[in-house]
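Participant: return a 3D structure for these sequence lines:
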Amino acid sequence: MHQYLNSRNVDIKQMTTDITQIKKMKYSHSIGLCTMEGRGFMFPVDTTFSNDGRMHTVSRAYSAVPRNLRVTVYDTNGEFYGIYGGYGDELGQFRWPSSITTDSFGDIYISDEKNNRINVYDINGNPKKFWGTTGTNPGELDGPSGICFNQNNELLVSDHKNNRIQKFTSDGTFISLFGNETDENINLNLPWGITVSPSNHIYVADWGNHQIAKFSEKGELINRFGNLGTADGEFKNPSSVAVDKKDNLYVADWGNERVQILDSNGNWIETLRGEATLSKWGEEFMEANQEEAEPRSRSNLEPEISQFNQDPHEESAHIEKLFWGPVSIKLDKDETLYITESNRHRIQVYK
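Facilitator: Here you go, the predicted model:
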């Protein structure tokens, strides 16, 4: 890993300014509510932004209950617009949704890890088509997870169990792939989240290797960041990565229940642990259900749990404001940060 001062061309003043700007990112608010259907989420796994400025969050749920699996549509202020999708194998349905993204024309794409396919919807959530074939040959899928579009409107798919990244046209025509079968030095191990940076580099959350891998747009390995651990800059099963205009990395360090921010060389800048407050939906629920609001008002939402200090999962399970299952991380066009928390059924927003 490169160090800040490994080049005589480093501008110390600019570097300090950049870090200061990153550290000014502050918690804004939360969006979400645990519900079986309608407004809210049930173990959400990913979020995307549609061309009309709305947010679409896909819930994976915990069991095969049709009303649990859905996409919830809302905006950053918590205004609810509706749902679409559902459990099954038919057009517009999914079984194990893993990721959601938007193409340049406004269509919505969802990867289905169980059905080994990609579902396509219009901006209003109306199903258009699905494509995908199970297998190990080029163009076939085995557990597709993270998906994103590059600047050419080509879909990149983390082919999770095949340990590779595949590129398709938006209608599912295979273009190319890279991974362990093309270069043994790539050595992906159950890749999950994927993103393309403004500089057109591909970043993969290499879940099984506890690293973030950086590739050229052609799939050439450039660098790897992190190793297994709990120290700054180390990861445990990272699930998602986002990159800003300065090539700073925002990593959903899923196994460590945190978000880490790194510079373009992989040097640690900051860790976010979670600062959630009750969401607008949560407040409205409490107002309508005083029998739950009253005992909540007397509860200690930040209990002392010293015996769990070395276990971030236990800490997150007991302290409501902390990240618990931060599975997806996205930046909008204004570089506002959205962290999808599966176990808390919410989105934490940082600006």
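Participant: so Glu270 is in which element?
Facilitator: strand 268-272 (DSSP states H and E).
Participant: using PDB, list the CA coordinates for that strand.
Facilitator: Provided in PDB are the C-alpha atoms of strand 268-272 (Å, rounded to 0.1, in the frame of the first residue of the first chain):
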ATOM      1  CA  TRP A 268      -7.300   5.200   6.000                       C
ATOM      2  CA  ILE A 269      -9.000   8.600   6.500                       C
ATOM      3  CA  GLU A 270     -12.100   8.000   8.800                       C
ATOM      4  CA  THR A 271     -14.400   5.400  10.200                       C
ATOM      5  CA  LEU A 272     -18.200   5.900  10.600                       C
END
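Participant: would you mark the buried spots in it?
Facilitator: 268-270, 272 (16 or more other Cβ atoms under 10 Å). (Glycine included, C-beta is placed from N, CA and C.)
Participant: what's the helix or strand just after it packed up against?
Facilitator: Going down the chain from strand 268-272, the next helix or strand is helix 280-288, by DSSP H and E. Helix 280-288 sits against strand 27-31, helix 290-297, with contacts defined as 3 or more Cβ pairs under 8 Å, 6 or more residues apart in numbering; DSSP states H and E.
Participant: ranking these by burial, who's on top?
Facilitator: strand 27-31 (a mean of 20; mean count of other Cβ atoms under 10 Å).
Participant: could you give the angle of that one to helix 280-288?
Facilitator: 60 degrees (axes from the mean of the first three to the mean of the last three Cα atoms, to 10 degrees).
Participant: what inclination does strand 27-31 have with respect to strand 268-272?
Facilitator: 50 degrees.
Participant: just the residues contacting strand 27-31, thanks.
Facilitator: Applying Cβ atoms under 8 Å, 6 or more residues apart in numbering, the contact partners of strand 27-31 are 55, 74, 76, 78, 275-282, 336, 346-351.
Participant: what about burial for these, which qualify?
Facilitator: Among these, the ones that count as buried (16+ other Cβ under 10 Å) are 55, 74, 76, 78, 276, 278-282, 346-350.
Participant: please pull out the lowest mean pLDDT helix or strand from the chain.
Facilitator: helix 12-23 (a mean of 47; mean pLDDT, DSSP states H and E).
Participant: returning to that earlier point: what packs against the strand holding Glu270?
Facilitator: Checking 3+ Cβ pairs under 8 Å, 6+ apart, strand 268-272 ends up next to helix 12-23, strand 258-262.
Participant: which one of the buried residues of strand 268-272 sits closest to Ser50?
Facilitator: Distances from Ser50 to the buried residues of strand 268-272, taken as Cβ to Cβ, are shortest for Leu272 (25.6 Å).
Participant: what's the spacing between that closest one and Pro66?
Facilitator: Taking Cβ to Cβ, to the nearest Å as the measure, Leu272 falls 35 Å from Pro66.
Participant: below-threshold pLDDT in the stretch 51-200 of the chain: ranges please.
Facilitator: Along the stretch 51-200 of the chain, the parts satisfying pLDDT under 70 run over 63-64.
Participant: my guess is Tyr81 meets Arg54, correct?
Facilitator: Yes - proximity of Tyr81 to Arg54 meets the contact threshold set by Cβ atoms under 8 Å, at 6.2 Å.
Participant: quick check: neighbours shared by the two?
Facilitator: Contact criterion Cβ under 8 Å, 6+ apart; residues shared by Tyr81 and Arg54: 73-75.
Participant: of those, which belong to helices?
Facilitator: Among the shared contacts of Tyr81 and Arg54, DSSP state H puts none in helices.
Participant: and which of the residues you listed is nearest Ser306?
Facilitator: Tyr74 (37.9 Å).
Participant: okay, the spatially closest residue to the closest one that is not a sequence neighbour and Pro238: tell me how far apart.
Facilitator: Among residues not flanking Tyr74 along the chain, Phe80 sits closest, at 5.0 Å (Cβ to Cβ, 6 or more residues apart in numbering). Computed with Cβ to Cβ, the distance linking Phe80 and Pro238 is 31 Å.
Participant: more neighbours: which of the two?
Facilitator: Pro238 (28 against 16; other Cβ atoms under 10 Å).
Participant: Thr134 touches Leu141, doesn't it?
Facilitator: Yes - with contacts counted by Cβ under 8 Å, Thr134 reaches Leu141, the gap being 6.5 Å.
Participant: any idea how far the residue nearest to Tyr74 is from Glu37?
Facilitator: Distance from Phe80 to Glu37, by Cβ to Cβ: 12 Å.
Participant: try Ala231
Facilitator: 42 Å.
Participant: quick one, which of those two is more surrounded?
Facilitator: Shown here are Ala231 and Glu37; by other Cβ under 10 Å, Glu37 has more neighbours (16 against 10).
Participant: could you check how many residues crowd around the closest residue to that one other than its chain neighbours?
Facilitator: In space, and not counting its chain neighbours, Glu37 is closest to Arg67: 4.1 Å by Cβ to Cβ, 6+ apart. Residues near Arg67, counting by other Cβ under 10 Å, number 14.
Participant: quick check, Arg67 in a helix?
Facilitator: No - counting by DSSP: H, G, I helix; E, B strand; the rest coil, Arg67 is located in no helix; its state is coil.
Participant: residue contacts, it?
Facilitator: Counting by Cβ under 8 Å, 6+ apart, Arg67 has contacts 36-37, 86.
Participant: got those as JSON lines, with distance to Val157 and secondary structure columns?
Facilitator: Output for the contacts of Arg67, formatted as JSON lines (distance: Cβ to Cβ, whole Å; DSSP: H, G, I helix; E, B strand; the rest coil):
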{"residue": "Met36", "distance to Val157": "30", "secondary structure": "coil"}
{"residue": "Glu37", "distance to Val157": "29", "secondary structure": "coil"}
{"residue": "Gly86", "distance to Val157": "22", "secondary structure": "coil"}
